[in-house]
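Enquirer: Predicted model and sequence below, questions to follow.
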Amino acid sequence: MYARVARWENANAESMKETAAEIRARAESEGGPPPGVPAKEFLLLHDTAAGKVIGITFFETEDDYRQGDETLNSMSPPGGGLGDRVAVEKFELVARVEA
């Protein structure tokens, strides 16, 4: 499994909350990720005090990762409320522990 980790900085706390709500609403109404993003899971983490956001998208295969990365790179978060995108990195998931 592969993870696409995107980071944003300089976000306004209220805008972060509104954008997160919009992302949740779209995922619920569309029944999952946007078209062209064959993701297995998505996590959105934010630190409102520091204005930082991390989005982690998991993909089953490297081909799925490539397709999802290409699609996500062509998109912007709804409302632009996540601040400035400062990095996108690729990781391979090597361990998962659930409680």
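Expert: Thanks, I have the structure now.
Enquirer: which residue ranges form the strands in the protein?
Expert: In the chain, the segments counted as strands under DSSP state E are 2-9, 41-47, 52-59, 84-92.
Enquirer: Looking at those strands, which is nearest to M16?
Expert: Taking Cβ to Cβ, strand 41-47 is the member of the strands of the chain nearest to M16, at 5.0 Å. The way it works is simple: take the backbone N, C-alpha and C, and place the C-beta from them, glycine included.
Enquirer: who does the closest one pair up with?
Expert: Applying DSSP bridges, strand 41-47 is found paired with strand 52-59 (antiparallel).
Enquirer: Check the offset of the partner strand from the chain's centre.
Expert: On the basis of Cα atoms, centre = their mean, to the nearest Å, strand 52-59 sits 4 Å off its chain's mean C-alpha point.
Enquirer: Now it: buried residues?
Expert: Of all the residues in strand 52-59, those buried under the rule 16 or more other Cβ atoms under 10 Å are 52-53, 55-59.
Enquirer: tilt between the lowest-mean-pLDDT helix or strand in the chain and strand 52-59?
Expert: The least trusted helix or strand in the chain, going by mean pLDDT, DSSP states H and E, turns out to be helix 13-30, with a mean of 90. What separates the directions of helix 13-30 and strand 52-59 is an angle of 20 degrees, with axes from the mean of the first three to the mean of the last three Cα atoms, to 10 degrees.
Enquirer: Residues contacting helix 13-30, please?
Expert: 33-34, 42, 44, 46, 48-49, 51, 53, 77-83 (Cβ atoms under 8 Å, 6 or more residues apart in numbering).
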